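Fold the following and give me the result.
(2 chains)
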Amino acid sequence: MKKVTYRNRISKVLGFSLLAFLLTTISLFAQVEVAASTTESAADTAGGDPVQGKAIFNQNCATCHKLVGPHTGPELANVEDRLAKEGLDREWIYAWVKNSAKVIKSGDVYANKIFNEYKQTAMTAFPTLSNTDIDNILAYTAAPPPAPPTLRTEGPNGEPVASSGISNEIILWALAFVFAMLVFMLMSVNKTLRSVLQENGVDVEKESPKGLPLWKAFAKNHFLVLVSVIFLLLGSAYFAYGWMMQVGVDQGYEPVQPIHYSHRIHAGDNEIECKYCHSSARKSKHSGIPSLNVCMNCHKTISEVGPATLAEGKQYGVDYNKEIAKLYEAVGWEVETQSYTGETQPIEWIRIHNLPDFAYFNHSQHVEVGKVECQTCHGPVEEMEIMSQFSSLTMGWCVNCHRETNVQTEGNPYYAKIHEELSKKYKVKTLTAAQMGGLECGKCHY
Amino acid sequence: MASNKKYWKSEAELNPNDSIVETLRQNEFVEEIPVDEFLGDKENLSTTNTNRRDFLKYVGFSTAAASLAACEGPVIKSIPYVVAPENIVPGVANYYATTIANGFDFASILIKTREGRPIKVENNKEAKVAGGANARVQASVLSLYDSTRLQGPKSGAGEDVSWDAIDAAVKGKLNSGKQVAILTQTYASPSTSRLISELKAANENVQHVTYDAISEEAALTAFENRYGERALANYNFEKADVIVSFGADFLGDWQGGGYDSGYSKGRVPQHGKMSRHVQFEANMSLTGANADKRVPITAQFQKVALAKLYAMLNGSSVGGELPSESQSDVQKVLNGVVAQIRKNKSKAVVVSGIDDVNVQSVVLAINEMLGSEAFNASTPRYTRQGNVKAVEGLITDMKAGKVGVLIVDGVNPMYSLPNAADFKEGIEKVDLSVTFSTNWNETTAVSTYAAASNHYLESWGDAQIMKGHFTIMQPTIKELFDTRQFQSAMLKWMGSNQSYYEYIKETWNTSILNGSDFNKAVHDGVFVTSIETITETNENADPVIVMVASDKEDAAIAMVSETEGVDVTAAVRSLSNTTGTEGMELTLYSKVGMGDGQQANNPWLQEFPDPITRVSWDNYVTVSKADAARLGLINENVANGGLDGSYVNLTVNGTTVKNVPVIIQPGQAIGTVGLAFGYGKKAGMKAEMQTGVNAFALYQNFNSIQSVTIEKASGMHEFACVQLHKTMMGRGDIIKETTLEIFNTKDHAEWNHVPQVSLNHQEVPANSVDLWDSFDRSIGHHFNMSIDLNACTGCGACVIACHAENNVPVVGKEEVRKSRDMHWLRIDRYYSSEDTFEDDNIEKDKADGVGLGNYMFGDREGDGSLSTFDRLEDPSANPQVAFQPVMCQHCNHAPCETVCPVAATSHGRQGQNQMAYNRCVGTRYCANNCPYKVRRFNWFLYNNNDEFDFHMNNDLGKMVVNPDVNVRSRGVIEKCSMCIQKTQKTILDAKRDGRMIEDGEFQTACSSACNNGAIVFGDVNDKESKVAELKDNDRMYHLLEHVGTKPNVFYQVKVRNTTEA
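Down below sits the predicted model:
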C-alpha cells in the first residue's frame, strides 16, 4: 500500500506550506497594526480633558509658555510632576495660576525662586480660569509630546495606511485563527485515528527509514517542481513590479534647501495661513513658491528669532538668524540702514513635488473649488521643520481621491444643473469627482 | 568519385613561377592590413601610460559610474521671482493688445503671454479694421524666438560692435552736408511720420523713402490721381452682392489683405441670398478658388475684359480682342456680370490686382460710377505707401555718390530689389550705411553696420491702418538681446532724451486722442476717432460719375472726372488696345504662407502647405497642363509617395532664374505661369530654411506681370507635397455642395442627402443604424464644432494657430515628403475633374460595369468604372475648387478607440476623443483604423534633437511652447484634442468664479483664429448656443456619414451662386 505513505507526505508538505504561509502573513499584518497604532494619541490622565486643555493652553498660555523648552516662562510639559517633586500640590497650582503675585507676596519659597529665575517677569493673573480649566491644561501638559511624524522615517517604501483597514484586520485575524484551529484539529484527528488503528491491531505502514528525504522527493516530482517554479516566478514578478513602480515616486523626498526654511515655525507656531504666502494657489494651477518680497512683508521687522526658537534650531543644527541673513542677502536688504541695496540674487529652491509634465494638476481647482485642505495632500506641513513630500503623487493616489471625494456643488451655480441631472441619474445626493467625469484620461493628460 | 579537375582562376596560374601567383597564394589579403594605423607605432605604444590593466580599470570605473549616476533622480530647481511683478501669476496667462505693422502685414492682435513669454497670437475682436491675424501673423510669435536673430549690433563684416560706436559714427555723419537717406518699410505710423518730419525740419538733407518689397504703386498712383491722397481704397465685401475681380487675390495679400472676413460674411446664404463672385485671373489664386465663376485668362485679356466691362456698363463700346478660343465664353460671362451689376448697382464691386495705373483708375471709376456700397474712398487704407520712383531716385543718388548716410529699416533691398546689383553698387559709394534688421540678411552684409533691431513684440509703435483707425503696438516682453528699435535710435541720434514710448504718448495726446485716455487706448490696442472728423475732411469724395438708367444702353455717362484730370476714357481705350507680349506671361504673386519673405526663417511657415498646391518648403512655377505637355514638363509621384517635378529656367528681359521646379496647376490660364515671392533667401538663414528661388529677380519695374521665356532644364525636383490626390473621384459626400437655386427651391433632403445603408434588406438612412449602444450625452457639456464650407476661404490661419497652441512639431522637408507631416488640422483642397463637382457625380454614376476588358485594351473613354475612375483622377483644366478643413472628428463611435490595445485613446463624456500620450505604445492601429486619417505618429523625437534643427532644439525656440500642452515624445500617436486644455480652462474658471458658462466662451485654437466665422465651436447641450443652432441647420452634414462614426465635428454644405444673370 504505497499510496498511503504518499498521501501522508503530501498532507505534510501542504501542512508545512500552510503554516509557513500563515506565519508570513501574520507578520505582515502585524506591521500594519503597529504602524496604525502609532497615530493614536495617549489616553487622558488624572481627570481633565487634554483636548480642551490644549485649546485653553493655546489661548492663554502659549504666548509665554511652551510645552518643551523655555520661553518667557518655563516649559510646561509634565509641570505637575515636577512640582510634585518640590512638594507642591494641585491646590498650589490653582492659586498660582489665578494670581501668582499673591503667592509670591505670601513668601512662598518656590514661587519666589521661579519668579527670580525668569527675570522677575510677573505672570499674568488668570482669575477667570476655573479649576476644571486648569485641570484640563494640566492634563494636556501631562500628555506625552506628540510623536514625531512617522512617515518621514519610513522611507520610500512606506505606503499610506488605509484607514478602513481595521475591520479587515479583524476578519483576517479571525481567519488566521480558524486556519490554525483547523491545522490543529487535523493533526489531532490524524493522531486519534492512528491510535485507534493501532489499538485495533491494524498495521500502519511506517515510513521506511530508507524512504527518500523530503527535498529529494520534491525534486523528483517534476510536476511539483514546475508548479513551485511558476509560483516563485509569479511571486518575484509581483514584487519586482511593485518595486519598479516606485521608480520616480519620491515620497519622503526631503532635500537640503539653500535656506533652512521651517514650515513648523511659520505655519505651525506662528499659524500663518498657507495661502498667505502661496497665494497663487487660489487662482493658478501652480501654488507657487513665494517671491522674496512676500517674505519681507514680515521679515523687514523680524531680523532675528527669540532665544527659545534659536535654541530649538540647535536640535536641527541650524542657526535661524543666519538663515534670515541669507534671505536678506538674496533680497538685498541692509539691516543697519533698513534699506534695499538693489542687488538681488534669486534663491534656487530645490523642487520637492515634481509632477510629470504629462499630468495636469490645478491647485486653484482643488483649493478654491474643491475646498480641499492643503494638508490633505501635503501632510502636516505645520509640523515639518524641513518640507518633505508627504504623498506618493502617483496616479493611483490621485484616482483614489477622485473616487472618494465629493464635489463641493453647493452654492456654486456652475454645478446647479449638472448636479441635479447627475444625482438623478446615479440616484445619489452627493457626487464624487469620479462621477463628474474626473477619471477620464483627458481630464489630466493633454 | 572525387573529381581531380583543377579550376584555374587566371591564366597566370599556369605559370608555376609567377611571383604574383605565389604572393596571392601566401597572403589572404592583397593589401597589407593597416595595423599600425590602428595601434600606432611601437614607440607610441610603449610610451603611453595606459596599459591593458589600466584600460580595463577605466572601463570598469566608467561603467560603474554611469550606472550609479543613472540611479539618482535629477534635482529640479524652482526659482521664484525676487520681487514678483504685480500682474504675473505663475500659471495664468495674460493678454496684451498690440499691433503688427511690419510693412507687409498690418493687424490688431492680442498676445497671450505666460510668465512673461509671448506664446500665441489671437485676433483682437475689439478692432473693427484689420482685427484678424492671418497665417503669417499667427506664426510671427515664433520669429521672436528665432535663434538666428541678431543678438547685438554688428559691423558689415559680421564683427560685434557696440551701440556707442554706431551712435558716434551716425552723429558724426548726419550733418556732413551730404544727403541723409532713410529707406524704410511702410509704417503708416503717425509717430514715426512726426519723427521723420522733425528730423527733416532739423536737417534739410534728410530724405525719407518708403519702399514696399511687393509694390502697390499702380493702385496708389491711381488713387492719388483721383482723390489727391496716396492711399488705397477700402473695400467691404460684406456689402457686395456681386464681386467682379480682375486678377485681384483679395482673399490673399491684395492691397494689404485682410478682406476675407467681410467676404465670408457675404458668402453664407442667408434669407436665400449670398454674394456672386466672378474672378478673371491667370494663376489659380485663393480668391479664384473661392469664386463662383472663375475665368482663366491672361492679364492681357483681363485688361481687355475690364475695358469691355466698363464700356458695357456705361453703354459705350470699345474695341479689343478677347482670346479667340474662348471669346464667346468670356463675352458671355461679361454679359452675365453686366446684367447682374445692373440689377444690383450699388451692391456690386469691381476690383483688380493688375499693376497698371490705367487698370486701377478704371476700377476706381467703375466703383464710383456704381456708387458701390462696398467701395470706400473716404476712409482709405494706409498700409502701403511705397514709392517706386523715389526708390529708383535714391539708387541713382547713391550711385552718384550724393548720399552720405543711408539708414535702412524694415526692408531688405538687397534681396527684394530686382536691381539689387545697382543697389550694391550704390551702397558701396555711401559713406555710412546702417541697416536695422532682426536678422542677418543680404542688406546687412553690405552695410557699414547691422543695427540689431527689436522684434515687433519687443517694440513700441503705432499705426493708422485706415483713416481714423489707429492702433498701438506695445512690447509684450523686454528686449531679449542687445537690440534697439529704429525709432529709439533715431530719437537718440536727434539728441532727444525721450523714449519712443513717451514720444508716442505725446503724439497721441496732442493730435489723435482728442482728450481720451492714452492708457485705455493701449489697453484696447485700437482707437477710432469720431466719425464726424473723418467725413468732414472727405466731402470731396462723393461719387463723381453718374450711371444712367441701366436699360438704355445708348445713354451716355457724364464724365465729371475728366475735368479733374483723370482721363478714364483714355485709360479704357489704352486697356482695350493691350496687345500680347512674346513668350509666356509670368504672374508673380505672394503665398499665404510666406508673403514677401520677411519670415522665411520661420519653420512653421515653411512647413505650412500652400492652400492651393499643398506644397510646403518650396516655391515653384505653376504651369497649365497644356503648356506643360507642350514644353515636356512633368509631375510624377514616385515610389515613396513623394511628388517630383521637372526644372525650368525662367528668363525675363535677360535675367534668368535657373532650376525652378514645376507644378502643373489645374486652372492656370494657358500661356501663363506663376511664381511666388518670398523664397530663395540665403543670408543669415539656417540651411534647412534656404528653400525655393528668389522671384524678386524677375520683378522688373515692380510689375508683377512679366513676359517670360521658359526652357526646360535637366533633373527632377523633389517636392514636399502633403496632398497627392487632387480630386474627389465623384464622391460627392466628402464635400457636399449645391447651387443657390437648388438650395432655395428644393427640400434639404434632396441636396443634403443622408447616405442610405441596407438594414434587414431595406434602405434606411445611415444615421439611423447603430452598431453600438450610445452613451447618454445629455448631461454636462457636449462639445461640437461646425465648419461652414461657404465661409472657409482656405486661408490656413487655423493651421498655424493649431501649431502654436498645441506644440505641434515641425518635421522638415524630407519628412513631409514621406507623408510624416504632423499638422493636427489640415485643409484638404479638391479639384473637380469635370467642369463642376456636380458633373463629377453624374459622370461617376454613369459608370457602367467594371469594363475591365475595354480598359485593358487602352480604352480610357469607355463607360466602364475603371476607365471612368481613371478619367476622374485628372483635374479639369479649369476646375471647381473646394476647401475642407479636417481635424479629428471626435467620433462618438470612434473606430480608433476600439482597436487600441492599451486603451490609450478613449472617449470623454464631453464628446472629446482623448489621447493619453504616455499610455500609447505606438502600434498605430488607431491611425490605420481612422477613416479620416487625422492621427499623426511621432516617427522621431522632434524636440531636443539636432537632427530637427527648427525651434524645439534650442532654449530660445522652446520659449514659444505652450506650457499647458504636453510635448510629445517619439513613438506615440498624437492628434487634435479639440483643445481640451482650453475647454478645461474655461470650465475650471467658471467653477472657480461660481457661474454658468456663456455661449462663445468655449473656443478652440482654430475657432478663435478663424476670423471668417467658418469654424464655430461650443456646447450643443446649451440649446441657446450658436453651435446647437448650426447643428439643426439644413446644411449640416457629417463627413463620411455612412461609416456611422457619429462625429462631433460637422460641416455645412457648400452653396455656389451659379446664377448667370
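
all contacts plus neighbour counts: C-alpha atoms, from now on.
OK.

Need the pLDDT of residue 32.
The chain I'm using is chain A. Residue A:32 carries a pLDDT score of 40 in this model.

my bad, chain B
Looking at residue B:32, the pLDDT reads 71.

where's it, which helix or strand?
Using DSSP states H and E, residue B:32 sits in no helix or strand.

Then residue B:799?
Here residue B:799 is assigned to helix B:797-805, by DSSP H and E.

Indicate whether that helix makes contact with chain A.
No. Using Cα under 8 Å from any Cα of the partner chain, helix B:797-805 stays clear of chain A, coming no nearer than 12.0 Å.

for that helix, which positions count as buried?
Neighbour-count burial for helix B:797-805, with 16 or more other Cα atoms under 10 Å in any protein chain shown as criterion, is recorded at B:797-805.

Following element in sequence after the helix or strand hosting residue B:193, please.
Using DSSP H and E, the element containing residue B:193 is helix B:190-202. Once the chain leaves helix B:190-202, the next helix or strand it forms, by DSSP H and E, is strand B:206-210.

Which other helices and strands does that following strand contact?
strand B:179-184, helix B:190-202, helix B:388-399 (3 or more Cα pairs under 8 Å, 6 or more residues apart in numbering or on different chains; DSSP states H and E).

and the stretch 1-150 of chain A, which residues reach chain B?
Near chain B, when you scan the stretch 1-150 of chain A using Cα under 8 Å from any Cα, you find nothing.

which residues of the stretch 1-150 of chain A score low on pLDDT?
Scanning the stretch 1-150 of chain A for pLDDT under 70 picks out A:1-47, A:63, A:69-72, A:144-150.

cutoff 50 now
Along the stretch 1-150 of chain A, segments meeting pLDDT under 50 span A:1-8, A:25-45, A:147-150.

pull the CA atoms of stretch B:406-421 into CSV?
Extracted C-alpha coordinates of stretch B:406-421, given in CSV (Å, rounded to 0.1, in the frame of the first residue of the first chain):
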residue,chain,number,x,y,z
LEU,B,406,21.9,105.6,-45.5
ILE,B,407,19.6,104.3,-42.8
VAL,B,408,17.6,101.3,-43.7
ASP,B,409,14.8,99.8,-41.6
GLY,B,410,12.3,97.0,-42.1
VAL,B,411,13.3,96.3,-45.7
ASN,B,412,15.9,94.1,-47.3
PRO,B,413,16.5,95.7,-50.7
MET,B,414,19.5,93.6,-51.5
TYR,B,415,17.1,90.6,-51.5
SER,B,416,13.9,92.1,-52.7
LEU,B,417,15.0,94.6,-55.3
PRO,B,418,15.0,93.3,-58.9
ASN,B,419,18.0,95.5,-59.5
ALA,B,420,19.9,94.5,-56.3
ALA,B,421,23.2,94.9,-58.2
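
Need the residues that contact that stretch.
B:102-103, B:180-185, B:211-213, B:423-424, B:430, B:432-437, B:441-443, B:486, B:681, B:696-702 (Cα atoms under 8 Å, 6 or more residues apart in numbering or on different chains).

Please compute how far it lies from its chain's middle.
In this view, stretch B:406-421 has its centroid 23 Å away from the chain centroid, taken as Cα atoms, centre = their mean, to the nearest Å.

can you check stretch A:97-104 too?
Computed by Cα atoms, centre = their mean, the chain-centroid distance of stretch A:97-104 equals 41 Å.

Is there a neighbour count for residue B:63? I'd like the number.
Other residues lying near residue B:63 total 12 when counted by other Cα atoms under 10 Å in any protein chain shown.

What helix or strand is it located in?
Using DSSP H and E, residue B:63 maps to helix B:52-71.

Give me the next element, helix or strand, following that helix.
Following helix B:52-71 toward the C-terminus (DSSP H and E): strand B:77-78.

Pull the residues that contact that next one.
Against strand B:77-78 from outside (Cα under 8 Å, 6+ apart): A:289, A:348-351.

again, only using 6 Å
With contacts defined as Cα atoms under 6 Å, 6 or more residues apart in numbering or on different chains, strand B:77-78 is touched by A:348-351.

Equivalent analysis for stretch A:402-420, please.
Contacts of stretch A:402-420 with the rest of the structure, by Cα under 6 Å, 6+ apart, involve A:370, A:431-434, B:780, B:991, B:994-996.

residues from chain B in reach of chain A?
Chain B comes close to chain A at residues B:76-84, B:91-92, B:780, B:914, B:916, B:965-966, B:991-992, B:994-996, as judged by Cα under 6 Å from any Cα of the partner chain.

filter these to the buried ones?
By neighbour count, with 16+ other Cα under 10 Å, the residues of chain B next to chain A hold B:79-80, B:82, B:91, B:780, B:914, B:916, B:965-966, B:991-992, B:994 as buried.

need those in a markdown table with secondary structure, can you?
Listed next are these as a markdown table, based on DSSP: H, G, I helix; E, B strand; the rest coil:
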| residue | secondary structure |
| --- | --- |
| B:79 | coil |
| B:80 | coil |
| B:82 | coil |
| B:91 | coil |
| B:780 | coil |
| B:914 | strand |
| B:916 | coil |
| B:965 | coil |
| B:966 | coil |
| B:991 | helix |
| B:992 | helix |
| B:994 | coil |
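
Farthest-apart pair in those, please.
Put simply, by Cα to Cα the two of these set farthest apart are B:82 and B:780, 42.9 Å from each other.

List just the nearest of the buried residues of helix B:797-805 to residue B:983.
residue B:805 (12.9 Å).

do you know how far that closest one is from chain A?
Separation of residue B:805 from chain A (Cα to the nearest Cα, to the nearest Å): 12 Å.

ok but residue B:283 is inside a strand, no?
No. Counting by three-state DSSP, residue B:283 falls outside a strand, being coil.

and it, how many residues sit next to it?
Neighbours of residue B:283 under the rule other Cα under 10 Å: 30.

so it makes contact with residue B:667?
No. Assessed by Cα atoms under 6 Å, residue B:283 is found out of contact with residue B:667, at 7.2 Å.

Can you classify residue B:279 as helix, strand or coil?
For residue B:279, the secondary structure call by three-state DSSP comes out as strand.

Show me what it bridges to in the sheet.
Per DSSP bridges, the residues bridged to residue B:279 are residue B:245, residue B:294.

That one touches residue B:296, doesn't it?
No. Using Cα under 6 Å, residue B:279 is not in contact with residue B:296, being 8.2 Å away.

Residue B:867: neighbour count?
Other residues within reach of residue B:867, judged by other Cα under 10 Å, total 22.

Likewise for residue A:307?
12.

Quick check: the residue nearest to residue B:260 when sequence neighbours are not counted vs residue B:774, distance?
Distance criterion Cα to Cα, 6 or more residues apart in numbering or on different chains; nearest residue to residue B:260, sequence neighbours excluded, is residue B:251 at 4.9 Å. Using Cα to Cα, to the nearest Å, one gets 42 Å for the distance from residue B:251 to residue B:774.

ok, these two, which is more surrounded?
Higher neighbour count among residue B:251 and residue B:774: residue B:251, with 24 against 10, using other Cα under 10 Å.

State the pLDDT value of that one.
For residue B:251, pLDDT reads 93.

can you check residue B:512 too?
89.

ditto for residue B:41
Predicted confidence (pLDDT) for residue B:41: 65.

now do residue A:430
85.

now do residue B:17
For residue B:17, the model assigns a pLDDT of 73.

Compute the number of surrounding residues for it.
Neighbour count for residue B:17, taken as other Cα under 10 Å: 10.

helix/strand/coil for the closest residue to chain A within the stretch 451-600 of chain B?
The nearest approach of the stretch 451-600 of chain B to chain A comes at residue B:478, 18.8 Å away (Cα to the nearest Cα). Secondary structure, three-state DSSP: residue B:478 is coil.

can you pull the contacts of it?
Residue B:478 makes contacts with residue B:458, as judged by Cα under 6 Å, 6+ apart.

All good on my end, thank you.
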